[in-house]
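Undergrad: sequence first, predicted coordinates after that:
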Amino acid sequence: MSSDVAHSRETARKYGWAIHAGSLEEVRAKARRLGWQEVSTRRGDRPVAELRPTAPEHAHARSLSATYGLGAQPLHTDGAHLLEPPDLVVLCADQSNGTPTLLWSSFSKLSNPRYPRIGHSDYLDNGMFLVNGAGRPFLAPAHDSSMGWRYDPGCMTACDQRARQVDSFFREASSDAYRHEWSKAGQVLFIDNRRALHARSAISENEEHRLLRRITFDTQAIQ
Amino acid sequence: MTAPYDERALWLKAKLFLNHAMDEEEPRTFDERALWASLALELLAKASLARVSPLLIASPTEEGTNLLIASGLVEGQARFNSVKAHTLYSRCHQAFRPFNEKEAQTITWARNEYLHGGSAVFTAIPADAWWPRYWAQAFILVNAQDKVLEELVGLDRVPVVEGHLAKNRKNIEHRAEMLISRAQQRLAQHRSGDLPAKLANKWASSTDLTVGLSHRAEASCPACGAMGTIEGEEIEKTEPRYEQVAEDDFEAWVELSVGTDYFSCPTCRLVLDSWDLINVTELPPNFADTGDYGDYAEPEYGND
């Protein structure tokens, strides 16, 4: 765990995610100095989002909550519907809670026991999805060697046999995912959105008031 | 928002259509697979040209809307129309040798007939003969984009495609051998007076089999050894030359290297009508010719 924002970013880039010691406000301030660009994943939304468990009937029509409600979410990339998804997601829990966040990355031993072997099947690079959710729909694979991962069954529809294999792969990968427990107040989690997928577990009992704050960045904006 | 002429969007759509053509678990007939593949071929041609310039795939109109969209001068919801398949293939033929526009156009005609006509099958050509010919053209368009097969079909399907490409090379070799051997046989029949009457008439009327391409040279016939004609249109290389013919007078010309596209022999009547066929014989893949200095641009200036 580091309190240096740039170091936590580098750790996330290397292993998929990093636990950071600090506050969201401090991360935002340092990010500004580093030239990272705050981006929102839905037009009109603020870059800092408050994530609360939401039943389908109260959820935004185009959201994971609309489909999964308080149940477990699938592993996904934030902003997968954007042509250029943000490359860093920062989650912060001001209060501890009992609903873990699942993390999966082929670059982490915690979710890929074969690491440093990171080879993966052809269907991950070649299965095609229709991505729908921000203007004109477009086609994309779940993995691209130059961009990294893009996957979210909430806005990506499998178009072929290989893409359907990708859906199965990530359904199964959920069980191997690392469970990050929000057991302490004030935890900050850096997720490299191109190297790792994440998901919220099913909301535990009496956790309806769980609150995470999320901010998404384009950290390569000025590079 | 992705533009309709975006080369990456065109490439990804070609990938999707080839997945439809090659997905093994899908219960698709050869005809349906060939249909998807033919659609992918057109997208690959578009992506190859759009990569150079989106203007190359924009359909020209009086008001120029498509050209304006492709050049980025008009945005928004204006509808973008691209050029027709035969124009695409003609441009690819000129830009990405040895892309064969006739082969590609045959695939598109079959597709149109299957889609719009009453034809119940995509083609009369059996699948194991169709795929090698298909991949011979698609492969050229992959190379034209400085990509490799793996990027198009994924590593697991590369051996399938390479099998088709190897078979295509074999097919071309067999076809060239067959044409050469038939020419030898015909010449022997002619010399012995055994040519059937119909063929003998044709033989007598077809001494000049050249097709009038811009450049030509003589070459030894691979069937009978007599002198035949190689012809070509595409200039592969130019080299300016000068010679002083008087104190103040120079003669200038350009030496050309021309790709061989056609061979014909007036003795045995052998005709090899494509680069593919010529390339598997002993005929030269290119030949020298000269051109007027004024017809060819000077080499580019450089600060070296």
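TA: That came through, no problem. Numbers count the residues shown, from 1 in each chain, chains lettered A, B, ... in the order given.
Undergrad: show me the helices in the chain, by range?
TA: I'll assume chain A. Per DSSP state H, chain A carries helices over the ranges A:5-15, A:24-34, A:64-68, A:122-126, A:161-176.
Undergrad: hmm, no, I was thinking of chain B.
TA: Using DSSP H, helices in chain B cover B:7-22, B:30-52, B:65-70, B:85-95, B:101-116, B:127-144, B:149-153, B:158-192, B:197-205, B:275-279.
Undergrad: mean neighbour count added to the helices of chain A, as JSON lines?
TA: (Glycine included, C-beta is placed from N, CA and C.) JSON lines is the format used below for the helices of chain A (neighbours: other CB atoms under 10 Å in any protein chain shown):
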{"stretch": "helix A:5-15", "mean neighbour count": "19"}
{"stretch": "helix A:24-34", "mean neighbour count": "15"}
{"stretch": "helix A:64-68", "mean neighbour count": "18"}
{"stretch": "helix A:122-126", "mean neighbour count": "21"}
{"stretch": "helix A:161-176", "mean neighbour count": "17"}
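Undergrad: for the stretch 101-250 of chain B, what lies in contact range of chain A?
TA: B:153, B:154, B:155, B:156, B:157 (CB under 8 Å from any CB of the partner chain).
Undergrad: which non-adjacent residue is nearest residue 53?
TA: Defaulting to chain A. residue A:203 (4.5 Å; CB to CB, 6 or more residues apart in numbering or on different chains).
Undergrad: could you do chain B instead?
TA: That would be residue B:70: by CB to CB, 6+ apart, it lies 7.8 Å from residue B:53.
Undergrad: list the contacts for that neighbour?
TA: The contact partners of residue B:70, by CB atoms under 8 Å, 6 or more residues apart in numbering or on different chains, come to B:5, B:53, B:54, B:55, B:57, B:58, B:80.
Undergrad: distance to chain B for the helices of chain A - can I get that in CSV?
TA: Shown next, in CSV, are the helices of chain A (distance: least, CB to the nearest CB, whole Å):
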stretch, distance to chain B
helix A:5-15, 24
helix A:24-34, 27
helix A:64-68, 23
helix A:122-126, 4
helix A:161-176, 4
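Undergrad: residue B:47 is nearest to which of those?
TA: Nearest of the helices of chain A to residue B:47, taken as CB to CB: helix A:122-126 at 16.1 Å.
Undergrad: what count of nearby residues applies to the spatially closest residue to residue B:42 that is not a sequence neighbour?
TA: In this structure, residue B:42 finds its nearest non-sequential neighbour in residue B:85, 5.3 Å apart by CB to CB, 6+ apart. Residue B:85: 21 surrounding residues under other CB atoms under 10 Å in any protein chain shown.
Undergrad: residue B:85: what's it in contact with?
TA: Residue B:85 is in contact with B:42, B:45, B:104, B:105, B:108, counting by CB under 8 Å, 6+ apart.
Undergrad: looking at the helices of chain B, which is closest to residue B:251?
TA: Using CB to CB, the nearest of these to residue B:251 is helix B:85-95, at 31.0 Å.
Undergrad: picking that back up, buried among the residues of the stretch 101-250 of chain B next to chain A? Make that a PyMOL selection.
TA: Remark: buried members of these, expressed as a PyMOL selection using 16 or more other CB atoms under 10 Å in any protein chain shown:
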select buried, chain B and resi 153+154+157
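Undergrad: what's the closest of the contacts of residue B:85 to residue B:259?
TA: For the contacts of residue B:85, the nearest to residue B:259 is residue B:104 (18.1 Å; CB to CB).
Undergrad: so what's that closest one closest to, chain neighbours aside?
TA: Nearest residue to residue B:104 in three dimensions, chain neighbours excluded: residue B:89, at 4.3 Å (CB to CB, 6+ apart).
Undergrad: isn't that neighbour right up against residue B:45?
TA: Yes - counting by CB atoms under 8 Å, residue B:45 is a contact partner of residue B:89 at 6.2 Å.
Undergrad: looking at these two, which is more packed in?
TA: Taking other CB under 10 Å, residue B:89 and residue B:45 do not tie; residue B:45 has more neighbours (32 against 24).
Undergrad: need the nearest residue in space to that one, chain neighbours excluded.
TA: Excluding its sequence neighbours, the residue lying closest to residue B:45 (CB to CB, 6+ apart) is residue B:88, at 4.4 Å.
Undergrad: near that neighbour, how many other residues are there?
TA: Residue B:88: 25 surrounding residues under other CB under 10 Å.
Undergrad: got it, and the one 3 residues further on?
TA: Summarising burial for residue B:91: neighbours were counted as other CB under 10 Å, giving 19.
Undergrad: over to residue A:146?
TA: Using other CB under 10 Å: residue A:146 sits among 5 other residues.
Undergrad: could you measure from it over to residue B:83?
TA: According to CB to CB, to the nearest Å, residue A:146 and residue B:83 sit 29 Å apart.
Undergrad: mind listing what whatever residue of the stretch 151-300 of chain B ends up closest to chain A touches?
TA: Using CB to the nearest CB, residue B:154 is the residue of the stretch 151-300 of chain B that sits closest to chain A, at 3.7 Å. Residues near residue B:154 by CB under 8 Å, 6+ apart: A:122, A:123, A:125, A:126, A:162.
Undergrad: how much space between it and residue B:134?
TA: 18 Å.
Undergrad: got it, and residue B:169?
TA: 14 Å.
Undergrad: which of the two has more neighbours?
TA: Higher neighbour count among residue B:169 and residue B:134: residue B:134, with 24 against 15, using other CB under 10 Å.
Undergrad: hang on, isn't the more buried one packed against residue B:37?
TA: Yes - using CB under 8 Å, residue B:134 is in contact with residue B:37, at 5.8 Å.
Undergrad: contacts for stretch B:235-248?
TA: B:215, B:250-259, B:286, B:291, B:293, B:296, B:298-299.
Undergrad: if we can go back for a sec, possible to save the contacts of residue B:85 as TSV with pLDDT?
TA: Formatted as TSV, the contacts of residue B:85 follow (pLDDT from 0 to 100):
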residue	pLDDT
B:42	97
B:45	97
B:104	95
B:105	95
B:108	94
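Undergrad: could you rank these by neighbour count and give me the top one?
TA: For the contacts of residue B:85, the largest neighbour count, defined by other CB under 10 Å, is 32 neighbours, found at residue B:45.
Undergrad: verify the stated contact: it with residue B:90.
TA: No - in this structure residue B:45 lies outside contact range of residue B:90 using CB under 8 Å: 10.0 Å.
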